[in-house]
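*Asks:* sequence-free structure coming up:
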């Protein structure tokens, strides 16, 4: 699927959909006049999706769907319509404070979604579309599960360290002089003395429980990473050949990009990653820019990881840093420039079909 630039030339009706957990509200909008033709509320089930398409069939055969939350509440409907080769347009959730006069209702949001799609200069398809939709969804699930395991293990390690600091002296001595990274292994080997008091007994039991939790979560994260690597190698092995890109970074990039044509330019990809500088000119000052703190922060973090790795191991990157440093740029400014250049290179690589 490619990006759509003017839906008015392709369809007669845009159906805006406001999505929720249990129900979806839809409004059919005439693309020529912007008038509301009809509205319907359906359950977020397969039967409801069928009811919605029948509702659309009664109005027109040439239509497009403007759906909010195609990656969350609207994911099921988006997959259903994409499988039927319908034109699905991805919309962001509206900024609540931007609603006119503070008005809020599901029908109003459905109408707003349809009319917003008509007003956009460029419209993209949802992330779940494309020939590799299943691979992309699998990577998204695995990344979320791995992220949860890694964060859980890190949180438990901090708890373990805090309890060791306040543990009775005989227990604390077992960890003296050891690296913090070895604390879980030491805690697992702790044994409760027969003459231990209740504090010692409880402390050792708790430390061993936390250590086992860390080991389980670490093993889980490693398993997810292996599965991620397998999918990435089968889908886009050319990404892994790039300096500074491993399986996790590659999977994050693929999930954000999704498929060819969804993002219409390398500048749009940089904006999605939050690495496109935003103009902040005022008066006669026309060369001022500010940091872009929006976009996909997971993708932004992936680009940051690439920069750090290339700074340490890539000669071309080190030469660039030396040159920009001699020009008076700060390390932070240089990293921002590098992230923008990397986003450009990645977009061109992603839009080029991978060689079999």
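*Replies:* Arrived safely, thanks for sending. Here the structure is a predicted model, which is why all the values come from computation and not from measurement.
*Asks:* quick check: domain ranges of this structure?
*Replies:* For the chain, the structural domains run 7-119, 133-235, 240-351, going by automatic domain parsing.
*Asks:* how far does the first one sit from the chain's center?
*Replies:* Chain-centre distance of domain 7-119: 23 Å, with C-alpha atoms, centre = their mean, to the nearest Å.
*Asks:* what's the single longest helix in the chain?
*Replies:* The longest helix of the chain (DSSP state H) is helix 198-235.
*Asks:* what about it, distance to the chain center?
*Replies:* When distances are taken as C-alpha atoms, centre = their mean, helix 198-235 is centred 23 Å away from the chain's centroid.
*Asks:* One more: stretch 294-313?
*Replies:* Offset of stretch 294-313 from its chain centre (C-alpha atoms, centre = their mean): 14 Å.
*Asks:* I'd like to know how many residues surround the closest residue to residue 170 other than its chain neighbours.
*Replies:* The shortest distance from residue 170 to any non-neighbouring residue, by C-beta to C-beta, 6 or more residues apart in numbering, is to residue 200 (7.3 Å). The way it works is simple: take the backbone N, C-alpha and C, and place the C-beta from them, glycine included. Per other C-beta atoms under 10 Å, the neighbour tally for residue 200 reads 16.
*Asks:* My read is that residue 338 contacts residue 308, right?
*Replies:* No. Taking contacts as C-beta atoms under 8 Å, residue 338 lies outside contact range of residue 308: 9.8 Å.
*Asks:* and those two? which has more neighbours close in?
*Replies:* Per other C-beta under 10 Å, whichever of residue 338 and residue 308 has more neighbours is residue 338, with 22 against 13.
*Asks:* Identify the residue spatially nearest to that one, adjacent ones excluded.
*Replies:* The nearest residue in space to residue 338 (C-beta to C-beta, 6+ apart) is residue 307, at 4.8 Å.
*Asks:* And the host helix or strand of that neighbour, what's buried?
*Replies:* Here residue 307 sits within helix 297-313, counting by DSSP states H and E. Within helix 297-313, the residues that qualify as buried by neighbour count (16 or more other C-beta atoms under 10 Å) are 298, 299, 300, 302, 303, 304, 305, 306, 307, 309, 310, 311.
*Asks:* Let me see the ranges of the strands in the stretch 51-200 of the chain.
*Replies:* With strands called from DSSP state E, counting those that start in this stretch, the stretch 51-200 of the chain shows them at 63-68, 87-91.
*Asks:* which helices and strands sit right next to the longest helix of the chain?
*Replies:* Applying 3 or more C-beta pairs under 8 Å, 6 or more residues apart in numbering; DSSP states H and E, one finds that helix 198-235 contacts helix 133-165, helix 169-173, helix 183-188, helix 237-240, helix 247-257.
*Asks:* what's the average pLDDT for it?
*Replies:* In this model, helix 198-235 has an average pLDDT of 97.
*Asks:* circling back to that earlier point, out of the strands of the stretch 51-200 of the chain, which comes closest to residue 222?
*Replies:* strand 87-91 (33.6 Å; C-beta to C-beta).
*Asks:* hang on, the earlier thing: Throw the helices and strands packed on helix 198-235 into TSV and include mean neighbour count and distance to residue 324, thanks.
*Replies:* As requested, those are exported to TSV (neighbours: other C-beta atoms under 10 Å; distance: least, C-beta to C-beta, whole Å):
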stretch	mean neighbour count	distance to residue 324
helix 133-165	17	32
helix 169-173	12	48
helix 183-188	18	41
helix 237-240	16	26
helix 247-257	24	23
